[in-house]
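[1] Have a look at this fold, sequence not included:
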DNA sequence: GTCTATATTAAGATAGAC
DNA sequence: GTCTATCTTAATATAGAC
């Protein structure tokens, strides 16, 4: 997972994957006969499951709408290791592998956006505005993550997510 | 430029660069003796110059602070071809090539953030708050761009930037 | 300046021993 | 289930003709 997150699909060579896993290349093919493509696909589904479990599932908790959005934000921070890590879904959706994995990722984000939209409606916003708020919220999560990578300043992610938390 | 934007550093092979440029591989080495690394570096500096010229330089215009921020936003939309293209700087800052190009990119974004901060101070915001506003603004630009890639819906970029324009 | 041809290395992938 | 060894292809890079 780390290799794909940091190096992207093309940069994640079997040699690096073998080294990172502690196995030989042939052993990787024993577990993943489909090779690199299968490894990436399994990791993509794991990333979806992780992000669902750590972040978006927390919208279904008890608590107020505001608290559940805050819980989602906290879960996202955990998922990306407080800005030190990446999101594999964002990585795969941007690079040359997008044609192979993009549609499944897009469909998942559409689901998640609907979940967030429902929470903003709960807060009293009308459907159209709730949808805009949901888009804005998720865009902020990924905007903060991306700018933290670009600026490469420890603390930027924490400051920006703290700022976002206040606006909820 | 397009090949690097779409395929990332590792995915941008010399064969693809040759095909896209209409030259043979050997001709690319005539113009760029340093090979792929030199091509990427030249393109990175061109991307900085383009983004400066199309977007951030417009903060220095006449007009109100609000109008100049809107001009920056419009310039950014042009730079990324209304969401259809990528930003090479974001691509290089995220992938495996980050150790080689990241510091120059980070320094440039620090400069740009300072320029945006100054405009928010002009709008009457105190230094601390102006810095937060500037961070938030640039994060939104890149958050919108990234989410447009993830969702892959024509129109999402336009809708989101229109929404952002209203909040200025 | 551009090309063909080629050298060299690394990548993805498989065979078969243990 | 893991390994060494190997195959095939593709990648970076260069030589040298035109």
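    It's in. Every value quoted in this text rests on a predicted model; they were computed, and no experiment measured them.

[2] Based on its surroundings, how many neighbours for the closest residue to DNA strand D within chain A?
    The minimum distance from chain A to DNA strand D, using C-beta to the nearest atom of the strand, falls at residue A:26 (2.7 Å). In this view, the C-beta of every residue, glycine as well, is placed from N, C-alpha and C. For residue A:26, the neighbour count with other C-beta atoms under 10 Å in any protein chain shown is 9.

[3] so which strand or helix has it?
    Using DSSP states H and E, residue A:26 maps to helix A:25-31.

[4] got a list of contacts for that helix?
    Outside of helix A:25-31, the residues within contact range by C-beta atoms under 8 Å, 6 or more residues apart in numbering or on different chains are A:14, A:15, A:17, A:18, A:21, A:35, A:39.

[5] Now, of those, which are buried?
    Listed as buried from these are A:17, A:18, A:39; burial here means 16 or more other C-beta atoms under 10 Å in any protein chain shown.

[6] Pull up the residues of chain A that are close to DNA strand D.
    Contacts of chain A with DNA strand D, taken as C-beta under 7 Å from any atom of the strand, map to A:22, A:23, A:24, A:25, A:26, A:27, A:30, A:31.

[7] Tell me which residues of stretch A:60-76 come out buried.
    In stretch A:60-76, counting by 16+ other C-beta under 10 Å, buried: A:65, A:68, A:69, A:70, A:71, A:72, A:73, A:75, A:76.

[8] what sits against whichever residue of chain A sits closest to chain B?
    With C-beta to the nearest C-beta as the measure, residue A:143 is the residue of chain A nearest to chain B, at 2.4 Å. Applying C-beta under 8 Å, 6+ apart, we find residue A:143 in contact with B:139, B:140, B:141, B:142, B:143, B:144, B:146.

[9] By neighbours, which of these wins?
    Using other C-beta under 10 Å as the neighbour test, these are led by residue B:144, with 29 neighbours.

[10] and chain A, which residues reach DNA strand C?
    Within reach of DNA strand C by C-beta under 7 Å from any atom of the strand, chain A has these residues: A:12, A:13, A:14, A:15, A:25, A:26, A:29, A:33, A:35, A:36, A:37.

[11] Look up the pLDDT of the first one for me, please.
    According to the model's per-residue confidence, residue A:12 sits at a pLDDT of 98.

[12] excluding its backbone neighbours, what's nearest the residue nearest the centre of chain A?
    For chain A, the residue nearest the mean C-alpha position is residue A:87 (4.2 Å; C-alpha atoms, centre = their mean). Nearest residue to residue A:87, sequence neighbours excluded (C-beta to C-beta, 6 or more residues apart in numbering or on different chains): residue A:80, at 5.9 Å.

[13] Over to residue A:131?
    Closest residue to residue A:131 apart from its sequence neighbours, by C-beta to C-beta, 6+ apart: residue A:117 at 5.0 Å.

[14] Could you tell me which residues make contact with the one you found?
    Under the criterion of C-beta under 8 Å, 6+ apart, the neighbours of residue A:117 are A:127, A:130, A:131, A:133, A:134.

[15] tell me which residues in the one helix or strand it maps to are buried?
    According to DSSP H and E, residue A:117 maps onto helix A:98-122. Using 16+ other C-beta under 10 Å as the test for burial, helix A:98-122 gives A:98, A:101-102, A:105-106, A:108-109, A:112-113, A:115-117, A:119-121.

[16] Skip ahead from that helix and say which helix or strand is next.
    Next element after helix A:98-122 (DSSP H and E): helix A:127-151.

[17] and that next one, how far from the chain's centre?
    Centroid separation between helix A:127-151 and its chain, computed with C-alpha atoms, centre = their mean, to the nearest Å, is 12 Å.

[18] now it and helix A:98-122, what's the angle there?
    With axes from the mean of the first three to the mean of the last three C-alpha atoms, to 10 degrees applied, the angle from helix A:127-151 to helix A:98-122 works out at 130 degrees.
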